[in-house]
Structures are given as structure tokens and as C-alpha cells.
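In: Sequence below, structure please.
(chains A and B)
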Number of protein chains: 2
Amino acid sequence: MVRQQLIQQIFEKRSFLCVGLDPELKRIPSFLLDFPDPLFEFNRRIIDATLEHCVAYKPNIAFYEALGPKGWETLQKTLDYIPDTHFCIADAKRGDIGNSSRMYAKTFFETLNFDAVTVAPYMGSDSVLPFFEYANKWVILLALTSNEGSRDFQFRRSSDIPLYLEVIRKAQDWGNPDNLMYVIGATQDKHIAEIRKEADSFFLLVPGVGKQGGSLKAVFENGANSEVGLLVNSSRSIIYAGQGPDFDKQSREVASMMHDEMGELINRSQYEH
Amino acid sequence: MVRQQLIQQIFEKRSFLCVGLDPELKRIPSFLLDFPDPLFEFNRRIIDATLEHCVAYKPNIAFYEALGPKGWETLQKTLDYIPDTHFCIADAKRGDIGNSSRMYAKTFFETLNFDAVTVAPYMGSDSVLPFFEYANKWVILLALTSNEGSRDFQFRRSSDIPLYLEVIRKAQDWGNPDNLMYVIGATQDKHIAEIRKEADSFFLLVPGVGKQGGSLKAVFENGANSEVGLLVNSSRSIIYAGQGPDFDKQSREVASMMHDEMGELINRSQYEH
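Out: Presented below is the predicted three-dimensional model:
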């Protein structure tokens, strides 16, 4: 999906919600365990329930590969089930020397037809560049993550610039707003305004709203640009909202509430498209 | 495999060679394409040919997952084929927030029975710690990598300490020489002596000898400790040494030459175990 299509989806739907599909056998409603592929059945119902409220889905690859080959089949089926109207992110956090990154790009952009993949910056340019060789595909680069451990290295200052800002700056030599986004944790809301200045027309993928404690309002007020420029992800708060036979209804309710809040934020900021 | 077993293998065999199993359909000898699982057949013959010359194998996960579920089956079969005498490294470069890293640890230490997995440090402590929850398993943390892109962020200095050294120091609060190694590229040989001082009793996994241009002698002279403390990896130089029906014989010859060179380096340094 190209940038203009994504922006159009966001304004038509008045939502910038991304639903994280991180299913675990021990956490999904137990009645689903009778299905031949319980995690796919779970995902299918979550997708049906949330489709009208979100513009993107983000399966976290860790949850699929833990199941071996069967997990990759579940991932493939899940991806096939998501309609083309929705932006699909492989949350894989890959990154390796050039010839290996090229294989990872092949995995997520050819073997599986994702729109985007999350990439870790530690190994630098040649670990990221192979992902840009695909037309109409996106790199979403880790910059300032939502977790506690983000404090260990990402704020490390050199010439008064923290590492995460240098990642954001340097990556603008590798990609552009049509093929590059950044991961910025919602828990880092006091840094989002500064990041928006550094990357004014780039999309930010923002996890960490919900269970991790980030605020949607703070993220929007500090991070939105004239095209919204945000994809806010919620995983556990939505997918594990309920445990009964109507778990998907409860997921829909949480997604709908977030959709409403996003619609209000967009309307209130009087964006016009 | 625990540390003492690995050290014993190194001294008995007088080798610290790790063979990287990074097979690609378009690069393996074409006659193998007639086999039901060409990549496994390739790996099997490479393993048979190199077993006596190396102490470790390192499949790079990128090359398997690019093939979808079938690639994971090939990976599983390859791992099952490697005898217990050899240390098995999943070169996966994973790392995510705690609950996702926990799933990655499950993938490589439970679903697949690897001894070790390579982990990227960018997301900090809680992205690495879940991998330490497994007894007798190892984290091999990216510190100073072999590629060009290592210059982008890893040498970035703060309080006069480059990032890679801070990664090495901080990680010593998370793990110890029995469960933590570092990835140090062979192309970085002028920094290895300094790294050895910072991490005197830790194993270093050293890729980049061979095709990438690193020198085995320089790595040993600057990086060995009294227990050798090195696993030097070679992938393409060994596995793609030949293309004919006897490709495995040519791989054996390259591995044997490296084994001889390693034996001489160990003998010359007069280590005693």
C-alpha cells in the first residue's frame, strides 16, 4: 500500500488504529482450542470484529514462529484473510548484514506479502537498505521504543544528540516518507513533539497505548502532523478484552472506543484532506 | 551445552571453527535441486564433511524463514542432524519488548533446541533478559559487528566510550561468562584486544573471516584468552567452496585448512588445558 492510500484510509475512516495480532495458545479463549488452527480462528474473529475500526494490522512474528512451521502457516492464513484495504505490518524487528537482510526482506515482502516490516537499526545502513529495494514496501525503523530497556542505549548522548535522534536523522539518508516510518513508543510522549520536528512528514508507528500505559491523547497532540502521520497500535488491550464465547464482541467494543477517541481527536484538530 | 563442554571440545579438537549454514536455492549445486528437500540435503553433506573440523554450527535463520513453513522444517531437520558434540547457534538477531522476546526465546530454546541465539541490544535490558531464563542456554549479543554499517551507530561515543563498549559493559549486569557471548566482527581486529580486556572471560563469536575479509591470525592474537574464548565463524567460504558433485569435499578442504591454522595458533600459544 502506498502512502496516499494509507492517508486516504485514515481520513475516510477517521481512525489511525493498528491492531496487534499477538495470539498465544494459553491466553486465547479455551473453546477455540477445539478448532484445527486455534490461533487462526482467534485472529479471524478479531479481524472480523475490528476491521471497520482500524486501518492496519500488525502480527508480531515472535508469537507465530514460537509454534514452528505450523505458526508460519497460521501467519500466512492470517495475512491472506486481511483485506487489501488494511495496511499489514510484520512486527519482526529484523536486521543483519546485507545478504542476510536481503533474505529477511524476501521473507516479508515476497514469501509473505506484508506492506511493511519493523527493522532494528543497531547494525546500520547495509542492514536496513536491502528492505528498501522493494517498490511500495515500507521499513519501520526502531527509534525510541516503548519499553523500560529503551533507557539503556537509546538516550545515550553524543554531541548532545541522543542515539534515537541520530537513528531518525541518519535513516533519512536511506529512505523517505514514502517508504520509511519510525517506531516511537507511546510511553515516550514527552519526546514525540521533538521527534515530529525531526521527521515532520514521516509516519510514526506508536505502540504502548493501553497495557503499557501510553496516552492516545498525548501521542496525538504531540505527534500528529497535517496528514495525521500516526499509526497507534494496541495489541493486548483489544485482543484479550474478553475470554468468553463473545470475546470478539468485547474486542470490537475496545477497538470502537479507540476509534471514537481517534475520530474526535482528528475532528477537533480540524484537519481537512 | 555448558561452557566447560565447549572449552573441552575446542581443546580436544584444536579447533574453534563455527560453520555458518546459510543455504540458498540459487547458490547450492544444481544437482541437489532434484532432492525432496534440497537445502537439507546440502546442509547434511556440509555437516558430514565438516564435522571433524569444527566445534559449532550457526544456521542463519534469514535463509530458512524466506522459504516459509518449509524452511522451518529444513531448519528443524538440520538441527536434529547435528550431533550433540557440536554447539548450535541460531543466528536470528532477535530482540523485542519482554513478552515478545520471551516468545523468541521459546522458539529457539524450546520449539527448536538450539544452544544459543544471537540477540540485538538496541531495545535494552528487558529485550535481552528473557533469553537468560533458560538453564544451559546462551545469549550471543551483537556488540561490534563485521559490516560497513557498524560505523553508523556502534562507534558513537558518549563520555568517551563507544556504544559497542557500553553494550559489552552493561550486558555483564544481565549475564555472565556461562550464558553470555558477544558478536565481534573479524573485520574489527584492531578493537578486539580492547574488547578482550573488557570481557576477559567471555566467549566472542567472530564472523567476518573469509569473504568479508577478516584475518584469523589477527583475531586470535588479539582476541584469544587462556581458554581460547573464541568461536570464529565462516559461512560462504566453506559452504560455497565448490559447485560440482564433490562440492562437499571442497568444503571439507577449506574447513580442514582453517582447522589446521587454528590448531597451529593454539599450539603456538602453548595453551594447556
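In: who touches the longest helix along chain A?
Out: In chain A, assigned by DSSP state H, the helix with the most residues is helix A:247-268. Outside helix A:247-268, the residues that touch it by Cβ atoms under 8 Å, 6 or more residues apart in numbering or on different chains are A:11, A:13-17, A:19, A:29, A:45-46, A:48-50, A:52-54, A:209, A:216-217, A:220-221, A:224, A:228, A:232, A:234, A:237-239, A:241-242. All C-beta spots, glycine's among them, are computed from the backbone N, C-alpha and C.
In: Which single residue in the stretch 151-273 of chain A comes nearest to chain B?
Out: A:D152 (3.2 Å; Cβ to the nearest Cβ).
In: Number of residues surrounding the nearest residue to that residue once chain neighbours are set aside?
Out: Once flanking residues are discounted, A:D152 sits nearest to B:G124: 3.2 Å by Cβ to Cβ, 6 or more residues apart in numbering or on different chains. Counted with other Cβ atoms under 10 Å in any protein chain shown, the neighbours of B:G124 add up to 23.
In: Just list the residues touching B:G124, thanks.
Out: By Cβ under 8 Å, 6+ apart, the neighbours of B:G124 are A:147-154.
In: returning to what we had before: what's the ChimeraX line that selects buried ones from the contacts of helix A:247-268?
Out: The buried residues among the contacts of helix A:247-268 can be selected in ChimeraX (16 or more other Cβ atoms under 10 Å in any protein chain shown) with this line:
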select /A:11,13,14,15,16,17,19,29,45,46,49,50,53,54,209,216,220,224,228,232,234,237,238,239,241,242
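In: Just the contacts of helix A:247-268: which are in helices?
Out: Short answer: these in helices (DSSP H) are A:11, A:13, A:45-46, A:48-50, A:216-217, A:220-221, A:237-239.
In: and the next element down the chain from the helix or strand where A:I168 lies?
Out: Element membership for A:I168 (DSSP states H and E) is helix A:163-171. Heading C-terminal from helix A:163-171, the first helix or strand you meet, by DSSP H and E, is strand A:180-184.
In: one step back: what's the local residue count around the residue of the stretch 151-273 of chain A closest to chain B?
Out: Neighbour count for A:D152, taken as other Cβ under 10 Å: 23.
In: Are any of the contacts of B:G124 buried, and if so which?
Out: Of the contacts of B:G124, these count as buried by 16+ other Cβ under 10 Å: A:147-150, A:152-154.
In: Contacts only, for the nearest residue to A:L6 once chain neighbours are set aside.
Out: The shortest distance from A:L6 to any non-neighbouring residue, by Cβ to Cβ, 6+ apart, is to A:F87 (5.5 Å). The contact partners of A:F87, by Cβ under 8 Å, 6+ apart, come to A:1, A:6, A:9, A:18, A:55-57, A:115-116, A:231.
In: export the residues you listed to CSV and tack on neighbour count and pLDDT?
Out: Output for those, formatted as CSV (neighbours: other Cβ atoms under 10 Å in any protein chain shown; pLDDT from 0 to 100):
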residue, neighbour count, pLDDT
A:M1, 19, 96
A:L6, 23, 98
A:Q9, 18, 98
A:C18, 25, 98
A:V55, 28, 98
A:A56, 25, 98
A:Y57, 26, 98
A:D115, 22, 98
A:A116, 28, 98
A:L231, 26, 98
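In: from these, which two are the most distant?
Out: Using Cβ to Cβ, the pair of these lying farthest apart is A:Q9 and A:A116, separated by 13.9 Å.
In: A:N233 contacts A:F16, doesn't it?
Out: No: at 9.9 Å, A:N233 does not count as touching A:F16 under the criterion of Cβ atoms under 8 Å.
In: Could I get the full set of helices for the stretch 51-200 of chain A?
Out: Taking DSSP state H, counting those that start in this stretch to define them, one finds helices in the stretch 51-200 of chain A at A:62-65, A:69-81, A:98-106, A:125-128, A:150-153, A:163-171, A:189-198.
In: From chain B, how far off is A:Y122?
Out: As judged by Cβ to the nearest Cβ, to the nearest Å, A:Y122 and chain B stand 5 Å apart.
In: Surely that residue touches B:M123?
Out: No: A:Y122 is not in contact with B:M123 according to Cβ under 8 Å; the separation is 9.4 Å.
In: Could you count how many residues lie near the closest residue to A:A241 other than its chain neighbours?
Out: The shortest distance from A:A241 to any non-neighbouring residue, by Cβ to Cβ, 6+ apart, is to A:Q250 (4.1 Å). A count of nearby residues for A:Q250, using other Cβ under 10 Å, gives 17.
In: Could you do A:Q188 as well?
Out: Considering only other Cβ under 10 Å, A:Q188 is surrounded by 24 other residues.
In: Hmm, A:I82 is touching A:Y57, no?
Out: Yes: applying Cβ under 8 Å as the test, A:I82 and A:Y57 come out as touching, 5.4 Å apart.
In: Overlap of the contact sets of those two?
Out: Residues touching both A:I82 and A:Y57 by Cβ under 8 Å, 6+ apart: A:47, A:88.
In: Dump the ones in helices among the contacts of helix A:247-268 to CSV, plus distance to B:E194.
Out: As requested, those are exported to CSV (distance: Cβ to Cβ, whole Å):
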residue, distance to B:E194
A:F11, 54
A:K13, 54
A:R45, 55
A:I46, 50
A:D48, 57
A:A49, 55
A:T50, 52
A:L216, 46
A:K217, 48
A:F220, 46
A:E221, 46
A:S237, 46
A:I238, 48
A:I239, 47
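In: Which member of these is positioned nearest A:E110?
Out: A:I46 (26.1 Å).
In: quick one: low-confidence ranges for chain A?
Out: Across chain A, the ranges flagged by pLDDT under 70 are A:270-273.
In: can you rerun that using 80?
Out: Within chain A, the ranges that satisfy pLDDT under 80 run A:210-212, A:270-273.
In: relative to its centroid, which residue of it is most remote?
Out: In chain A, A:S159 marks the outermost C-alpha relative to the chain mean, sitting 30.9 Å out by Cα atoms, centre = their mean.
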